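**Q** the following comprises the amino acid sequence and a computationally predicted model.
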Amino acid sequence: MRQAMDLVLWERFQRELRTIAASIRSDAEGRYAGAEPGWQARVEWTLLCIENIASQLTEGRPKQAGGG
């Protein structure tokens, strides 16, 4: 029971991180043209880090029935 509750929390956190990354990506895309050199690369690196963290949250864990 405890493991199932933990998995639900990890999956929720994973979804929230991906939502944050999508929001950052959306906000940043319109700013690339006028940004200082290297700014786009830093944004993309940050998004990659967020996605990697989100992926690792449930890596190797069985999927919750009816969730995900």
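**A** Done, it's in.
**Q** what about the nearest residue to residue 43 once chain neighbours are set aside, neighbour count?
**A** Closest residue in space to residue 43, ignoring its immediate chain neighbours: residue 28 at 4.7 Å, by Cβ to Cβ, 6 or more residues apart in numbering. C-beta coordinates here come from the backbone N, C-alpha and C atoms, glycine included. Counted by other Cβ atoms under 10 Å, the residues lying close to residue 28 total 17.
**Q** which element is residue 28 on?
**A** The secondary structure element spanning residue 28 is helix 2-29 (assigned by DSSP states H and E).
**Q** pull out the buried positions in that helix.
**A** Applying a neighbour-count criterion of 16 or more other Cβ atoms under 10 Å, one finds 7, 10, 11, 14, 17, 21, 28 buried in helix 2-29.
**Q** ok, for the residue most central in space within the chain, nearest residue in space, not its chain neighbours?
**A** Most central in the chain under Cα atoms, centre = their mean is residue 18, positioned 3.1 Å from the mean C-alpha point. Taking Cβ to Cβ, 6+ apart, and ignoring the residues beside it in sequence, residue 18 has residue 54 as its nearest neighbour in space, at 5.3 Å.
**Q** do the same with residue 32
**A** Distance criterion Cβ to Cβ, 6+ apart; nearest residue to residue 32, sequence neighbours excluded, is residue 40 at 4.9 Å.
**Q** what residues are up against residue 22?
**A** Taking Cβ atoms under 8 Å, 6 or more residues apart in numbering as the definition of contact, residue 22 has no neighbours.
**Q** and the pLDDT at it?
**A** What the model reports for residue 22 is a pLDDT of 94.
**Q** residue 50 too?
**A** Predicted confidence (pLDDT) at residue 50: the value is 94.
**Q** OK, contacts around residue 58?
**A** Listed by Cβ under 8 Å, 6+ apart, the contact set of residue 58 reads 7, 10, 11, 14.
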